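Enquirer: Would you be able to build a 3D model of this:
(chains A and B)
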Amino acid sequence: MGKAIVITSGKGGVGKTTTTANIGTGLAMLGYKVVVIDTDIGLRNLDVVMGLENRIVYDIVDVVEKTCRLKQGLIRDKRYEGLFLLPAAQTKDKTAVKPEQMLELVNALKEEFDYIIIDSPAGIEQGFKNSIAGADEAYIVTTPEISAVRDADRVIGLLEAKGIANPKVIVNRIRLDMVKRGNMMNVEDIIDILAVDLLGVVPDDEAIVISTNKGEPVVAEENPMSAKAFRNICKRITGEEVELLDLDSGEGKFTKLIKLLFS
Amino acid sequence: MEVLALKEELISFKGINEGIYIYIKKGNFKDIKKEFEEKLNEYKDFYDGANILGVKSENLKDEEVEKLLHIIKDKYGLDIDENGLPDYLNEPSVYTGIDEGMTKFFNTTIRSGQVVEYEGNIVIIGDVNPGALIKAWGNIIILGKLRGVAHAGANGNENAYVAADILQPTQLRIGDIIARKPDGEFLASEMPEVARVYSGEVVIESYLAKKQ
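Expert: Model prediction:
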């Protein structure tokens, strides 16, 4: 029986889709059977980020409406055998799927897969409600900005109300130089407000932009810091204890700070 | 997408060798039933004694067709042939107007999430962006860039084709055949091109074979 995890944030543009693609790919690289689901109906992106747009024939609406079989809707990744994508529909809207249908879909996928990673749309309306309907756990993506953290806080409250307790936070696009200068919120501040566990910290990284445009999640690359951060997040998801990445190559103050937080 | 703005009649009587049958266009059952009764009232006497084969509809459910048959029999007292409609009528008909046929024109950019559908040929004067879908029973001609998905011969005609000034679709479908854009970098032509099916595969070539 697999585990369903929703990636959500409230605010748009903080990196939900990038995070979903990288966690999905990262878990598949560790040998798990993974399906990533795009629930952003009408504004689908996950297929583009994963470079699978040209393979789409059926989508999530076809699957829940039973226009096609579940197997037909799943697109096999071009590189990792155990990785599949269920794309959103582009020509419909969020009302095309109901939460009960999502629950049924996710439960069916849990029979087949180790991890079901659900990419949530921005906002807290119908699309968000669909995305969390079948989820066992939630990971909140936020950036070190007050607005993003505020929205993350709101979403954590909504998730708790829906019975998805103890969501974990991924702080994305952090810039250590700015944190040091005091121009950016640090991880400690964010966790202080949100009062939930930290799953990982991903640095702001050019490599993400490049890999996104190529349609190949960065996690598969050897060197970029962001890739290492995502690989560590994946290991933590599987239960392994991994220290937080030393983003400040050289000094190590940051690691200490985060180690402190994580313990 | 609406094909014609004019109000069309939903019901028509068609004569074939075996007899006559009633052809019903796509519409909702209430409208169809109303027009059905009006037509029967009008032509009841005319068709009395004719060999009525049955009802062929574009979108009605079996039980709705059954209801209409009951109206013919019980309310208007007309007999229906026991053999029903001849088999060849039930085979889906493939659109054949790809050399000469109904064509719809669009002079606009077709954007992500938009769908253009027509039961004939489609001409787009403008670009078709990624995430857009063009679906025609016949050919698709794009005077601009095709970057989205195009489905020509959508109800089964594999002789239909897709032509564009710049032909770089995410996916091309002709009839039941699906071809996709190669992954990664590839050499794209700057010339207008046309995609056709040759022995079960979608082939992209220059408009005129001699012009490379």
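
Enquirer: If you count neighbours, what's buried in stretch A:46-62?
Expert: Using 16 or more other C-beta atoms under 10 Å in any protein chain shown as the test for burial, stretch A:46-62 gives A:46-56, A:58-62. Heads up, the C-betas are built off the backbone N, CA and C, glycines and all.

Enquirer: Show me what the longest helix belonging to chain B packs onto, helices and strands only.
Expert: Using DSSP state H, we find that the single longest helix of chain B is helix B:29-47. With contacts defined as 3 or more C-beta pairs under 8 Å, 6 or more residues apart in numbering or on different chains; DSSP states H and E, the packing partners of helix B:29-47 are strand B:11-16, strand B:19-24, helix B:62-70.

Enquirer: And the pLDDT for whatever residue of the stretch 51-200 of chain A ends up closest to chain B?
Expert: Proximity of the stretch 51-200 of chain A to chain B (C-beta to the nearest C-beta) peaks at A:Asn54, 3.9 Å away. If you check A:Asn54, the pLDDT there is 95.

Enquirer: can you check the one 5 residues further on too?
Expert: pLDDT, the model's per-residue confidence, is 96 for A:Asp59.

Enquirer: So it sits against A:Gly73, correct?
Expert: Yes. The criterion here is C-beta atoms under 8 Å, and A:Asp59 meets it with A:Gly73 at 6.6 Å.

Enquirer: Show me the helices in the stretch 51-200 of chain A, by range?
Expert: Along the stretch 51-200 of chain A, counting by DSSP state H, counting those that start in this stretch, helices occupy A:60-64, A:70-73, A:99-112, A:126-133, A:146-161, A:176-180, A:187-194.

Enquirer: The fifth one - contacts with which helices or strands?
Expert: Using 3+ C-beta pairs under 8 Å, 6+ apart, the elements in contact with helix A:146-161 are helix A:126-133, strand A:137-142, helix A:187-194.

Enquirer: which parts of the second one are buried?
Expert: Okay, so that is strand A:137-142. A:Ala138, A:Tyr139, A:Ile140, A:Val141, A:Thr142.

Enquirer: What ranges in the stretch 101-250 of chain A fall below the confidence cut-off?
Expert: The stretch 101-250 of chain A contains residues with pLDDT under 70 at A:248-250.

Enquirer: Next to chain B, which bits of it? Give me the list.
Expert: Proximity of the stretch 101-250 of chain A to chain B is confined to A:Lys214, A:Gly215 under the rule C-beta under 8 Å from any C-beta of the partner chain.

Enquirer: tell me the most buried of the helices and strands packed on helix A:146-161?
Expert: Across the helices and strands packed on helix A:146-161, averaging neighbours per residue (mean count of other C-beta atoms under 10 Å in any protein chain shown) puts strand A:137-142 on top, at a mean of 25.

Enquirer: From the rest of the structure, what touches that one?
Expert: Residues outside strand A:137-142 that contact it (C-beta atoms under 8 Å, 6 or more residues apart in numbering or on different chains): A:3-9, A:11, A:14-16, A:19, A:23, A:132, A:148-149, A:151-152, A:155-156, A:159, A:164, A:166-172, A:190, A:194, A:196, A:199.

Enquirer: still on that earlier bit, ok, which of the helices and strands packed on helix A:146-161 comes nearest A:Leu83?
Expert: Between A:Leu83 and the helices and strands packed on helix A:146-161, the tightest spacing by C-beta to C-beta is seen for strand A:137-142, at 17.9 Å.

Enquirer: Next, the angle helix A:146-161 makes with that closest one.
Expert: Using axes from the mean of the first three to the mean of the last three C-alpha atoms, to 10 degrees, the inter-axis angle of strand A:137-142 relative to helix A:146-161 is 170 degrees.

Enquirer: Strand A:137-142 to helix A:187-194, inter-axis angle?
Expert: Orientation check (the same axes, to 10 degrees): strand A:137-142 against helix A:187-194 gives 120 degrees.

Enquirer: Quick check: can you name the pairing partners of strand A:137-142 and their directions?
Expert: strand A:3-8 (parallel), strand A:168-174 (parallel) (DSSP bridges).

Enquirer: pull the CA atoms of the last one into PDB?
Expert: Spelled out, that is strand A:168-174. Output of strand A:168-174 as PDB, limited to C-alpha atoms (Å, rounded to 0.1, in the frame of the first residue of the first chain):
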ATOM      1  CA  LYS A 168       6.200  19.200   6.600                       C
ATOM      2  CA  VAL A 169       7.800  22.300   5.200                       C
ATOM      3  CA  ILE A 170      10.200  22.700   2.300                       C
ATOM      4  CA  VAL A 171      11.900  26.100   2.100                       C
ATOM      5  CA  ASN A 172      12.600  26.900  -1.500                       C
ATOM      6  CA  ARG A 173      14.800  29.400  -3.300                       C
ATOM      7  CA  ILE A 174      16.800  30.500  -0.300                       C
END
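
Enquirer: coming back round to it: now the buried members of the contacts of strand A:137-142.
Expert: Among the contacts of strand A:137-142, the ones that count as buried by 16+ other C-beta under 10 Å are A:4-9, A:11, A:14-16, A:19, A:23, A:132, A:148-149, A:151-152, A:155-156, A:159, A:164, A:167-172, A:190, A:194, A:196, A:199.

Enquirer: burial measure for the nearest residue to B:Glu37 once chain neighbours are set aside, as a count.
Expert: Using C-beta to C-beta, 6 or more residues apart in numbering or on different chains and skipping the chain neighbours, the partner closest in space to B:Glu37 is B:Ile71 (6.9 Å). Neighbourhood size, B:Ile71 [other C-beta atoms under 10 Å in any protein chain shown]: 15.

Enquirer: Just confirm B:Ile71 contacts B:Lys39, I think it does.
Expert: No. Contact status for B:Ile71 versus B:Lys39: not in contact, 11.0 Å apart, counting by C-beta under 8 Å.

Enquirer: where do the strands sit along chain B?
Expert: In chain B, the strands defined using DSSP state E lie at B:11-16, B:19-24, B:52-57, B:103-106, B:115-118, B:121-125, B:133-136, B:140-146, B:149-152, B:162-167, B:171-174, B:177-180, B:193-198, B:201-206.
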